[in-house]
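*Asks:* The sequence and its predicted three-dimensional model are supplied below.
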Amino acid sequence: MWSFKTLLALPTILGLLAVASGTFFYPNAQTSLIEHILVDTHGAHSSGFADAITPCTNYVSGNQSLGRTTAAQWIRVAFHDFVTADVAAGTGGLDASIGFETLRAENSGTAFNDSFSFFRRFVNPVISNADILALSVVMSVGNCGGSQIPFRAGRIDATEGGPFGVPAPDTDLATTLSYFSGAGFDQVDSIGLTACGHTLGSVHHGGFPTVVGPEAVTSDNLAGGIHLDSTVAVFDPLVVHEYLNGTGQAGGPLVTSFNVSSRSDLRLYESDNNATMITLGNQGEGFLSTCVGLLKRMIETVPSDVVFSDVISPIAVKPINATLDFDAHGNLIFTGYIRVLTPTSSAPPSTPLFLNIPLSLPVPLTPESTPGTSVFGSTTFYPFSIPISNPETLTSFHVASQTFSLQTSTFIVPSLTTLTTTSSSVLNFTIATTSLLAPSVKVQAPVPQQGTLGPAIKTFDSVAVNNVGRKKGYALWGGSVDIGVVTGAVSVVVLDEGGKEVDIGFF
Ligand code: HEM
Ligand SMILES: *[C@@H]1O[C@H](CO)[C@@H](O)[C@H](O)[C@H]1NC(C)=O
Ligand SMILES: *[C@@H]1O[C@H](CO)[C@@H](O)[C@H](O)[C@H]1NC(C)=O
Ligand SMILES: *[C@@H]1O[C@H](CO)[C@@H](O)[C@H](O)[C@H]1NC(C)=O
Ligand SMILES: *[C@@H]1O[C@H](CO)[C@@H](O)[C@H](O)[C@H]1NC(C)=O
Ligand SMILES: *[C@@H]1O[C@H](CO)[C@@H](O)[C@H](O)[C@H]1NC(C)=O
Ligand SMILES: *[C@@H]1O[C@H](CO)[C@@H](O)[C@H](O)[C@H]1NC(C)=O
Ligand SMILES: *[C@@H]1O[C@H](CO)[C@@H](O)[C@H](O)[C@H]1NC(C)=O
């Protein structure tokens, strides 16, 4: 079948560059949106995710006087999701099944629904509940004093609860080690992982009255939390040192509890005569790297059908929401942002930044005055909006000596696409194409599901479209989907005849 699309596909720089897309997510939608959560943590254009753990003592789900901390909760939730994995069978692990398991005694405490209700709005057709849960571990650790855990995406959400098998304070040592072993962690790994987890947070009387007595409850500690180490909100080696020295929190309530049967950490740490704890103590700050290794293994324990992405690292020069659109006068424009990341130790960019497109003079970019900040450095945002008269020549653009490819034969028109979010959401979209064929469209939306606060993804395949006119050489096709209740970003995907993604947009 003849079309502009196939003609235009030929001259692009094949292979070397990211998959082309009309709405340009670099290097693809999943990586771009996850990198946004990881890197745009504070200041301009932040995603809001890190607000929950800023400062690291913060409790986002209720009164600060409760004595709970969100950063610690996230790590514990991920541990409970992971530890029921059966690695021999290739099932379970980080699959967000924990969202369905909140009523089990082994998952006592408010952490599970607290976390899922905060994560909810970040889940979308390219970011699963399980990826958000894994990312929450990376962000808690990386933003609260620990080192960066490399993050890979691609986890698949469970659709129901999984097996039981989370160790509790009164679980005997053999059973505890057998639970860890089922998830692929031997005794040394289990001691290390537990010490890494227990450098943040508390054991609360509210949830664990057989570990912590009612005397812990005070007016500014209403849930009665006793800290696991003296730096409750800092991911550091102190829990190990305090345990070995008997100083500070002396390892925390799971070592010191009035109730001997509740001293699960003491039983675990002593199970090799403290050899592993002494080794961890001798590592000093090296403990942080040990934790990166163990926590990475924890969040990468997944069902065998998961295919991980590459590691998602901060992107130095990042096009954001770069897309064709029609302006108020019906003219075709290329619009979006370029984000430049400056590492903490370097000076911010001083030379003017230019955006180069074929057959045009370089376009100088003016930075917004407010930067973003994160543990990776500061970010400067350069908005752009460039009139385009020959879209067929716009096969790539260049910024700061980097080349980004795109196609312009089909695009979702942002200014003509709306999601009306009342109690029930209706998506009205418009697609512009130079093709003679009607576009093939798939719409996906995160929606509430029974039994968990984690959304499910609802898919509308082969959505009907109507020709609604022409603009600037493009045929316009419109469609509408009555989605119902929506919890986060909805995606519109245009597919080619072979079912391959041509463009994707989020609304
Ligand atoms: C023998 C194994 C373990 C047992 C029996 C155990 C038990 C507990 C208990 C009873 C609490 C108190 C929860 C609350 O009061 O809200 C707790 C807190 C916590 N656990 Fe564990 N845990 C174990 C291993 C781990 C591991 C391997 C990790 C992570 C890698 C972890 C991470 C955490 C964190 C971060 C907290 C603080 C939560 C908060 O402050 O809300 N735990 N653990
Ligand atoms: C938090 O709880 C304390 C103690 O019960 C109360 O005085 C305070 O008003 C509460 N704060 C908020 C924001 O609800
Ligand atoms: C000690 O813990 C065990 C196991 O959780 C529990 O059965 C017992 O009631 C606890 N004792 C006290 C005094 O809380
Ligand atoms: C005891 O604590 C001090 C101070 O934190 C630390 O330097 C030392 O290494 C600790 N000893 C052990 C055995 O961890
Ligand atoms: C392990 O270390 C703790 C804390 O120093 C101590 O109380 C305990 O007796 C030690 N156990 C063994 C078996 O060495
Ligand atoms: C990119 O688009 C999304 C979805 O419309 C929006 O939430 C976000 O703020 C945009 N990013 C920037 C940097 O404008
Ligand atoms: C969306 O499209 C439907 C059907 O074409 C139409 O009835 C409705 O008014 C549109 N809503 C908006 C907000 O454009
Ligand atoms: C958590 O939320 C789910 C979904 O709304 C609900 O079914 C479950 O009962 C809640 N769990 C707790 C402990 O409240």
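*Replies:* Here it is on my side, so go on. Numbering: from 1, shown residues only. Ligands and ions are numbered 1, 2, ... in the order given.

*Asks:* what ranges do the strands span in the stretch 301-450 of the chain?
*Replies:* With DSSP state E, counting those that start in this stretch, the ranges of strands along the stretch 301-450 of the chain come out as 317-326, 332-342, 353-356, 363-365, 372-374, 377-387, 396-399, 402-405, 410-412, 418-421, 425-433, 440-449.

*Asks:* Report the beta-bridge partners for the residue in the stretch 51-200 of the chain that ligand 6 sits nearest to.
*Replies:* Using CB to the nearest ligand atom, the point where the stretch 51-200 of the chain gets nearest to ligand 6 is Asn124, with a distance of 10.2 Å. All C-beta spots, glycine's among them, are computed from the backbone N, C-alpha and C. Per DSSP bridges, residues listed as beta-bridge partners of Asn124: Ile127.

*Asks:* I'd say it and Leu33 touch.
*Replies:* Yes: taking CB atoms under 8 Å as the contact criterion, Asn124 and Leu33 are neighbours in contact, 7.3 Å apart.

*Asks:* Pull up the overlap in contacts between the two.
*Replies:* Jointly contacting Asn124 and Leu33 under the rule CB atoms under 8 Å, 6 or more residues apart in numbering are Phe506.

*Asks:* which one of these two has more residues nearby?
*Replies:* The neighbour count for Asn124 versus Leu33, taken as other CB atoms under 10 Å, is higher for Asn124 (23 against 20).

*Asks:* And the more buried one, how far from ligand 5?
*Replies:* 47 Å (CB to the nearest ligand atom, to the nearest Å).

*Asks:* residues touching that residue, list them.
*Replies:* By CB under 8 Å, 6+ apart, the residues touching Asn124 are 33, 446, 488-491, 506.

*Asks:* how about a cut-off of 6 Å?
*Replies:* If a contact means CB atoms under 6 Å, 6 or more residues apart in numbering, then Asn124 has 446, 488-489 as its contacts.

*Asks:* and the residue nearest the centre of the chain, helix, strand or coil?
*Replies:* Nearest to the geometric centre of the chain sits Ile132, at 3.9 Å (CA atoms, centre = their mean). Here Ile132 takes the helix state, with states given by DSSP: H, G, I helix; E, B strand; the rest coil.

*Asks:* roughly how far apart are it and Ile53?
*Replies:* According to CB to CB, to the nearest Å, Ile132 stands 13 Å off from Ile53.

*Asks:* Whatever residue of the stretch 201-350 of the chain ends up closest to ligand 5: what's its closest spatial neighbour, skipping adjacent residues?
*Replies:* Ligand 5 sits closest to Asn274 of the stretch 201-350 of the chain, with a gap of 3.8 Å, by CB to the nearest ligand atom. Leaving out its chain neighbours, the residue that sits closest to Asn274 by CB to CB, 6 or more residues apart in numbering is Leu244, at 7.3 Å.

*Asks:* Next, count neighbours for the one you found.
*Replies:* Considering only other CB under 10 Å, Leu244 is surrounded by 17 other residues.

*Asks:* next structured bit after the host helix or strand of it?
*Replies:* Assessed by DSSP states H and E, Leu244 sits inside helix 238-245. Elements were assigned by DSSP H and E; along the chain past helix 238-245, the next helix or strand is helix 253-256.

*Asks:* List the buried residues in that following helix.
*Replies:* The neighbour-count check on helix 253-256 (16 or more other CB atoms under 10 Å) flags 253-256 as buried.

*Asks:* do the same with stretch 145-152
*Replies:* Neighbour-count burial for stretch 145-152 flags 145-146, 148-149, 151-152 (criterion: 16+ other CB under 10 Å).

*Asks:* Please work out which residues outside that stretch touch it.
*Replies:* 135, 138, 141-142, 234-236, 288, 292, 295-296, 308-309, 311-312.

*Asks:* ditto for stretch 234-242
*Replies:* Counting contacts by CB under 6 Å, 6+ apart, the residues touching stretch 234-242 from outside are 141, 144-146, 195, 198-200, 228-229, 231, 248-250, 280-281, 287.

*Asks:* can you tell if that stretch touches ligand 5?
*Replies:* No: no part of stretch 234-242 sits close enough to ligand 5 to count as contact by CB under 6 Å from any ligand atom; the gap is at least 9.4 Å.

*Asks:* chain center to that stretch: distance?
*Replies:* 26 Å (CA atoms, centre = their mean, to the nearest Å).

*Asks:* Please report the distance of the residue of the stretch 201-350 of the chain closest to ligand 5 from ligand 7.
*Replies:* When distance is defined by CB to the nearest ligand atom, Asn274 is 66 Å away from ligand 7.

*Asks:* The closest residue to Phe506 other than its chain neighbours - how many residues pack around it?
*Replies:* Leaving aside its chain neighbours, Phe506 sits nearest to Ala489 (4.4 Å; criterion: CB to CB, 6+ apart). For Ala489, the number of neighbouring residues by other CB under 10 Å comes to 20.

*Asks:* Contact residues of the stretch 51-200 of the chain facing ligand 8?
*Replies:* 102-103, 113.

*Asks:* And the residues you listed, which is closest to Pro367?
*Replies:* Nearest to Pro367 among these, counting by CB to CB, is Asn113 at 41.0 Å.

*Asks:* Is the closest one in a helix, a strand, or coil?
*Replies:* Note that with three-state DSSP, the state of Asn113 is helix.

*Asks:* give me every residue that touches it.
*Replies:* Residues counted as contacts of Asn113 (CB under 6 Å, 6+ apart) are 102, 453.

*Asks:* And it, what's its pLDDT?
*Replies:* Turning to Asn113, the model gives it a pLDDT of 98.

*Asks:* what does Ala20 give?
*Replies:* 42.

*Asks:* Kindly report the same for the one 5 residues further on.
*Replies:* The per-residue pLDDT reported for Phe25 equals 93.

*Asks:* Around the nearest residue to it once chain neighbours are set aside, how many other residues sit close by?
*Replies:* Using CB to CB, 6+ apart and skipping the chain neighbours, the partner closest in space to Phe25 is Ser32 (4.1 Å). Ser32 is flanked by 21 other residues according to other CB under 10 Å.

*Asks:* what does the stretch 401-507 of the chain put close to ligand 8?
*Replies:* That would be 451-453, which are the residues of the stretch 401-507 of the chain within reach of ligand 8 (CB under 6 Å from any ligand atom).

*Asks:* Which of those residues fall in strands?
*Replies:* In strands, judged by DSSP state E, the following of those are found: 452-453.

*Asks:* Relative to ligand 1, which residue of the stretch 51-200 of the chain is the closest?
*Replies:* At 2.3 Å from ligand 1, Gly197 is the closest residue in the stretch 51-200 of the chain, using CB to the nearest ligand atom.

*Asks:* Give me the pLDDT for that residue.
*Replies:* 98.

*Asks:* Neighbours of it, how many?
*Replies:* If we define neighbours as other CB under 10 Å, then Gly197 has 22 of them.

*Asks:* Pop out the phi and psi values for it.
*Replies:* Dihedral pair for Gly197: phi -60, psi -40, per degrees, to the nearest 10.

*Asks:* Contacts only, for it.
*Replies:* Counting by CB under 6 Å, 6+ apart, Gly197 makes contact with 75, 79.

*Asks:* Ser128 reaches Gly154, doesn't it?
*Replies:* No: Ser128 is beyond contact range of Gly154, at 8.2 Å (criterion: CB atoms under 6 Å).
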